[in-house]
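Colleague: Predicted model and sequence below, questions to follow.
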Amino acid sequence: MKQIIQSFKTGDVTVSDVPTPAVQSQGILVLTSASLVSVGTERMLVDFAKKNLLQKVRSRPDLLRQTIDKARREGALTTLEVVQNRLDKPVPLGYSCAGSVLEVGAGVSEFKVGDRVACAGVGSANHAEVVSVPKNLAVKIPEDVDFQSASFTTVGAIALQGIRLAEVKLGEVVAVIGLGLLGQLTAQMLKAAGCIVVGIDIQPQRAELALQLGADAVATTPDDLSGICHRLSAGHGADAVLIAADTKSDQPVELAGKIARDKGIVVAVGAVGMSIPRKVYFEKELDFRISRSYGPGRYDPEYEEKGHDYPYAYVRWTEQRNMQAFVQMLSEGKVKVGPLVTHRFPILNAPKAYELITGKTGDSFLGVVLTYPETPDLKRKVVLRSVDGTASHGEENKLSAPLKQVRLGMIGAGSFARATLLPAIRVAHDVKLIGIVSGSGLSASSAAERYGFDYCTTDEQELLNDPAINTVAILTRHNLHAQQVITALKARKHVFVEKPLCLNEEELEEIISTYQGVRESIITEDGRSSSAIQPPLLAVGFNRRFAPFLVELKQHLQRVQEPLMLHYRVNAGFIAPDHWTQDPAQGGRLLGEACHFIDLLIYLTGSTPQTIIARALPDSGLYSRDNLLITLEFANGSLGTVTYVANGNKSSGKESLEVFGGGLSARLDDFRKLVIHDGNRSVKRVARLRRDKGHRAEWRAITAYLTGNGPIPISFEEIVNSTQATLAAQRGLQDGEPITLHHRS
């Protein structure tokens, strides 16, 4: 399908071929008929992206400071790679569209295939032939409302939310500053609500249009607006002022204070400067409010992603209900959007729309609509380059024998895949990148283009059923790992999964059973003894085991013949409670990240944990039980602690490890400085430009094993032990009791 993409590095807008997205749980798949270009928000994005790097830095000094701080903590090369990855990440444009439902996801009963709908949301209602939209960001549209009109619904809901915050009443005088698209819709809805509407815009044709569409009076200068408000309100001033302008200037806020009555309400709906002049706002005791997009529910993942609605009796107007109210006004003719449309472009000509709104053509504009073909290409797979024939790979895909080449399929194409793992895989030998899959299609497409995959898709089964693929890497959200590992093993693929392996004991048992079943079937099919068979690979992304500094430390510990004392301090940083990593259904931070450090202590001690004690600071409501202390008692007598905190300061660095035993003392700071005092000698290692957490070495070890040139990177038994220990820590955190582990023989 076609989708409008912007390069954040260059600002170029292109029409790209991407796989049709997959429908999500609590969501719907929509065939787009029309979408509205946001001439304010999207112009701002395009203008910013077209700046060169120096101009970007000057316009966002806050990001410059963050970048400098990151370089000091993590090294210049590491930071440069992060910046480059963000610049290379494509930006989907658009957030307001209308079309017909193609498919309905699990948990959705409000819509059915064929329903005509209006959709909202950045990252959802994009300029694309097919969009995947959460159910709470879509509404049905009446039969007498055409798709072009319905494509205005998002902007209409934004305008309506501003009106609700202004608390306007029948007969009140309300001023609208800025009569662009947002202001025109605001003025019409205010008039429908029985208000006396006054508008201002510096463009006379926009002011005249508002007058034609029902405004009581308009102005093109601040003095004229002030005089009109004074006259229509019997000298009191406007009861409410809605600022719908798009400017960095503070003048709209200053003007609003001048024309408002005592104790009036001023609402900033558009993106404007907000330096409030204290004198006039204080003397009139004005109420200044900022409207947050479409209404209650916006930016709440429980509402938008999980589909949990707010109780009608307590939250009368959510963002979805605002959308419903707007389409109803369209149906009743109270709001007219036809006169607002100045330009229409087919999606294939969409770049011309952005030349228009960024001023390249010099033409005036207001409402810009994109139109779409009735029968687009709905394939969920896009082939980027000719794929090698697969007939010759049948033998090398046998899990019982070394591979001639690792032929990789990747499930998940998020930031970690693009910024960390794929660069590490790219430098490994004997790896051919075959296919990559993501739910949105766009992230898979961009990663495939950048790293040279043969194809991208949104269909996981397409990848698992591909005989050209012998190894699968899983980099999805944590709650999906276990089932995807099981499915990939049953598809007879070698498997790498980013941590964690799973989220509970039941999932672990199923993985163990599946792995053992696959291994036994391989032995039966091959006919040789188990000792002669190369076990199938199931690797977990415990990359720190492979970090050069840790490998060197491990070598020094080989001579120590007594129990070790270890302390790993992780200054992980604050993550808001509503972030997906804090969601218990996704595992939380102990299972999702602290598993790294538990595994590393197991690796360094060379022993299995026997008893685990986990404690967290009392829940204050700010944190999500992610200030943790985990103590591990090992079979060889070693003791280890993991201090994982969210309440620290980033400037002190993230990770610090200390190890003591047999006359050896060692300290590792953020994988950039290692100091070992061993007997009469000392070792000091410093990585000045880049910290190395072992991702590259991990993938070199994986490919060496799969091609018969090295030992297994981490045995299946070690992975099970680390996972059991992490799950025990989670259980101990919940129960408040020490957990004794009984490992498998």
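Modeller: Now that the structure is in, tell me what you want to look at.
Colleague: ok but residue 615 is inside a strand, no?
Modeller: Yes. Assessed by DSSP: H, G, I helix; E, B strand; the rest coil, residue 615 belongs to a strand.
Colleague: Across the sheet, point out what pairs with it.
Modeller: Beta-bridge pairing for residue 615 (DSSP bridges): residue 629.
Colleague: quick one: it and residue 487, what's the gap?
Modeller: Residue 615 sits 36 Å away from residue 487 when distances are taken as C-beta to C-beta, to the nearest Å. C-beta: built from backbone N, CA, C; applies to glycine.
Colleague: Then residue 426?
Modeller: Taking C-beta to C-beta, one finds residue 426 at 26 Å from residue 487.
Colleague: So between residue 615 and residue 487, which is more surrounded?
Modeller: More neighbours surround residue 487 than the other of residue 615 and residue 487, with 18 against 13 (other C-beta atoms under 10 Å).
Colleague: Now the more buried one: closest residue in space, sequence neighbours ignored.
Modeller: Leaving aside its sequence neighbours, residue 487 sits nearest to residue 464 (C-beta to C-beta, 6 or more residues apart in numbering; 6.4 Å).
Colleague: I'd guessed that neighbour sits against residue 495; true?
Modeller: No. The pair residue 464 / residue 495 is not scored as a contact, 10.7 Å apart, by C-beta atoms under 8 Å.
Colleague: Looking at these two, which is more packed in?
Modeller: Taking other C-beta under 10 Å, residue 464 and residue 495 do not tie; residue 495 has more neighbours (24 against 20).
Colleague: which residues touch that one?
Modeller: Shown in contact with residue 495 (C-beta atoms under 8 Å, 6 or more residues apart in numbering): 471-474, 485, 488-489, 536-539.
Colleague: which SS state does residue 239 fall under?
Modeller: strand.
Colleague: How about the contacts made by it?
Modeller: 168-169, 172-174, 233, 260-261, 264-265.
Colleague: can you redo those as CSV with neighbour count, pLDDT and secondary structure?
Modeller: Below are these laid out as CSV (neighbours: other C-beta atoms under 10 Å; pLDDT from 0 to 100; DSSP: H, G, I helix; E, B strand; the rest coil):
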residue, neighbour count, pLDDT, secondary structure
168, 22, 97, coil
169, 12, 96, coil
172, 20, 97, coil
173, 28, 98, strand
174, 28, 98, strand
233, 20, 96, coil
260, 27, 98, strand
261, 19, 97, strand
264, 25, 97, strand
265, 21, 98, strand
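Colleague: Student question: in the protein, what's the helix or strand with minimum average pLDDT?
Modeller: helix 53-59 (a mean of 63; mean pLDDT, DSSP states H and E).
Colleague: tell me what the helix or strand harbouring residue 718 is packed against?
Modeller: Using DSSP states H and E, residue 718 maps to helix 716-735. For helix 716-735, the elements it packs on are helix 505-526, strand 538-540, helix 595-605, strand 609-616, strand 628-634, strand 739-740, judged by 3 or more C-beta pairs under 8 Å, 6 or more residues apart in numbering; DSSP states H and E.
Colleague: tell me the contacts of residue 311?
Modeller: Residue 311 neighbours (C-beta under 8 Å, 6+ apart): none.
Colleague: Helix or strand: which one has it?
Modeller: Counting by DSSP H and E, residue 311 is part of no helix or strand.
Colleague: now it: how far from residue 323?
Modeller: Counting by C-beta to C-beta - residue 311 and residue 323 are separated by 18 Å.
Colleague: Which residues does stretch 626-639 contact?
Modeller: So stretch 626-639 is contacted by 562-566, 572, 575, 582, 588-590, 594, 598, 601-602, 605-617, 640-647, 661, 725, 729, 733 (C-beta under 8 Å, 6+ apart).
Colleague: from those residues, which would you call buried?
Modeller: 563-564, 566, 572, 575, 582, 588-590, 594, 598, 601-602, 605, 607-610, 612-614, 616, 640-646, 661, 725, 729, 733 (16 or more other C-beta atoms under 10 Å).
Colleague: ok, and the closest non-adjacent residue to residue 35?
Modeller: Here the residue nearest residue 35, using C-beta to C-beta, 6+ apart, is residue 97, at 3.7 Å.
Colleague: now what about the helix or strand encompassing that neighbour, what contacts it?
Modeller: Taking DSSP H and E as the criterion, residue 97 maps to strand 96-104. Contacts to strand 96-104, defined as C-beta under 8 Å, 6+ apart, come from residues 23, 28-36, 38, 111-120, 125-127, 130-131, 141, 147-148, 150-155, 372, 378.
Colleague: if you set the cut-off to 7 Å instead, what comes out?
Modeller: 23, 28-36, 38, 111-120, 125, 130-131, 141, 147, 150-155 (C-beta atoms under 7 Å, 6 or more residues apart in numbering).
Colleague: and if you look at stretch 535-555?
Modeller: 399, 494-499, 501, 515, 518-519, 522, 596, 599-600, 603-604, 659, 666, 668, 671, 674, 676, 685, 692-695, 697-698, 701-702, 705-706, 712-714, 716, 719, 722.
Colleague: just checking, what packs against the helix or strand harbouring residue 352?
Modeller: Applying DSSP H and E as the criterion places residue 352 in helix 350-357. Counting contacts by 3 or more C-beta pairs under 7 Å, 6 or more residues apart in numbering; DSSP states H and E, helix 350-357 packs against strand 13-17, helix 41-49, strand 341-346, strand 367-371.
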